[in-house]
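1. Sharing a model that was predicted from the sequence below.
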Amino acid sequence: MHRSTLSRLIVTALLLGSVFAASGTPVAASAADPETADEYLAALQEYEEAPALETYSEFEVMRSQAITAVQVGEFTATDRERMSAILATLETFSDAYAAAQNGSVAESVTMANRTGEAISRVEAADGGQYATLAQLGLERFYRQQGDALYEQGRSAENTSAKIQYFEAAAVALERGGATTQFSRVSAELTQTRTTFEADQAELETAVSLASSFRSGCSESCASPVAAMTGLGPGVFGQYRQAREANAASDTATQIVDRHSISEDAEQVAGLSDWTDQAMLSLVIASTVLLFGYALVIVLVVAPIAARIATWSEDLEYAQVGRIVPAASVEVGES
């Protein structure tokens, strides 16, 4: 999963706007936005028993207060601006809730961000009491979605995706006022990112080493015969390099598996297979050459050793002859 996937996902959710309305969540604005107090009243009543408001009662209290306010006194331009912002708050939060219920946690946080913008509009239109209620509900929602994002991150096999989930979780928890959880997730995010970046650097080095060896020994390491004919005595030096390249490809394989890096998996698997085969070819070639050299040594040294043995024997006989009389001595009778 590429690092920009989550960002594209969030941007798409922003562009789609109210696509979650199809899930059954009521939508305040129709083809024509409300203008009069009665129209706003009808729009607010559409959210009666809405699942999002039943779960997050702060928004239901805000809606109830707005229904009461819209029926009392003169409906001014400021009232219209405030009620428009309240409806936008209810609409975007209902979309956020629907997305969360559908398992689209990232989209739910994106829609919650839009809810925060609508709440700011409510407060700017002299709706401080409404904004306070909505903000409390939104913070609770952020905390819950932050926890959900964190759990998704923990279960993600791909480390790049894990980092993205942890980043989104940290943002949600911070906006939800969950200071302790935010600190914990931020610390885990930092550790995960640091480890991942270090492993990526090691992976790059390992792949470069194995690839360089493959480029330099591609034909000579293709088979034992090619190694013997192409390298000769140099096969022993190539074998040492092959071991290093094979260890590097093993390291690369471990890193790819550890972080589920799909984009590098095919290249690393190919390098691992090739270095394994090269190792086998060079081992066989080295063994054959060693045996051949040993045989040559035996064939050359054996005659020399035989001559040395003969010479030693002759020398020994010669030394014995120096102390043995040349003629026999007869011993007379006394």
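-> Nice, thanks for sending it over. Numbers count the residues shown, from 1 in each chain.
2. Which parts of this structure are helices?
-> All helices of the chain, identified by DSSP state H, fall at 5-16, 37-45, 51-55, 57-70, 77-101, 105-124, 128-155, 159-175, 179-216, 224-231, 235-259, 262-321.
3. Pull out the buried positions in the second one.
-> By neighbour count, with 16 or more other C-beta atoms under 10 Å as the criterion, the buried positions of helix 37-45 are A37, E39, Y40, L41, A43, L44. No exception for glycine: its C-beta is placed from N, CA and C like everyone else's.
4. For the third one, list the residues it contacts.
-> To tie it back to what came earlier, the one meant is Y40. With C-beta atoms under 8 Å, 6 or more residues apart in numbering as the criterion, the residues that contact Y40 are P34, V70, F75, R80, M83, S84, L87.
5. Report the residue spans of the stretch 101-250 of the chain with pLDDT below the cut-off.
-> Applying pLDDT under 70 to the stretch 101-250 of the chain picks out residues 227, 230-234.
6. so how far is Y150 from the residue nearest the centre of the chain?
-> Note on the chain: the residue nearest the mean C-alpha position is T159, at 2.1 Å, using C-alpha atoms, centre = their mean. Distance of T159 to Y150, given as C-beta to C-beta, to the nearest Å: 15 Å.
7. State the number of residues packed around the closest residue to L203 other than its chain neighbours.
-> Once flanking residues are discounted, L203 sits nearest to I255: 4.5 Å by C-beta to C-beta, 6 or more residues apart in numbering. Summarising burial for I255: neighbours were counted as other C-beta atoms under 10 Å, giving 22.
8. which residues touch I255?
-> Applying C-beta under 8 Å, 6+ apart, we find I255 in contact with D199, Q200, E202, L203, A206, I261.
9. a markdown table please, covering the residues you listed and showing neighbour count and distance to A245.
-> Output for the contacts of I255, formatted as a markdown table (neighbours: other C-beta atoms under 10 Å; distance: C-beta to C-beta, whole Å):
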| residue | neighbour count | distance to A245 |
| --- | --- | --- |
| D199 | 18 | 19 |
| Q200 | 16 | 20 |
| E202 | 15 | 15 |
| L203 | 22 | 15 |
| A206 | 23 | 9 |
| I261 | 20 | 20 |
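10. ok, back up a step: what's the closest non-adjacent residue to the residue nearest to the centre of the chain?
-> Closest residue to T159 in three dimensions, ignoring its sequence neighbours and counting by C-beta to C-beta, 6+ apart: H259, at 3.9 Å.
11. That neighbour against E197, yeah?
-> No - using C-beta atoms under 8 Å, H259 makes no contact with E197, being 10.8 Å away.
12. More neighbours: which of those two?
-> Residue environment comparison for H259 versus E197 gives the larger neighbour count to H259, 21 against 11, counting by other C-beta under 10 Å.
13. Against A170, how distant is the more buried one?
-> Plainly put, H259 is 20 Å away from A170 if you go by C-beta to C-beta.
14. how far away is A187 from A170?
-> If you go by C-beta to C-beta, the gap between A187 and A170 works out to 10 Å.
15. more neighbours, the two?
-> A170 (25 against 11).
16. Next, the contact list for that one, please.
-> With contacts defined as C-beta under 8 Å, 6+ apart, the neighbours of A170 are G146, F182, V185, S186, L189.
17. now, which of these sits nearest S272?
-> For the contacts of A170, the closest approach to S272 (C-beta to C-beta) belongs to L189, at 31.0 Å.
18. since we're on the closest one, how many residues are nearby?
-> That count, for L189 with other C-beta under 10 Å as the rule, works out to 20.
19. got a list of what the nearest residue to it once chain neighbours are set aside touches?
-> Spatial nearest neighbour of L189, chain neighbours left out: F166 (4.0 Å); criterion: C-beta to C-beta, 6+ apart. Under the criterion of C-beta under 8 Å, 6+ apart, the contact partners of F166 comprise L149, Y150, G153, V185, E188, L189, T192.
20. just the buried members of the residues you listed?
-> Applying a neighbour-count criterion of 16+ other C-beta under 10 Å, the buried members of these are L149, Y150, G153, V185, E188, L189, T192.
21. For those, which two are the farthest from each other?
-> L149 and T192 (13.8 Å).
22. picking up where we left off before, out of the contacts of I255, who's nearest E49?
-> Of those, the one sitting nearest to E49 (C-beta to C-beta) turns out to be I261, at 47.6 Å.
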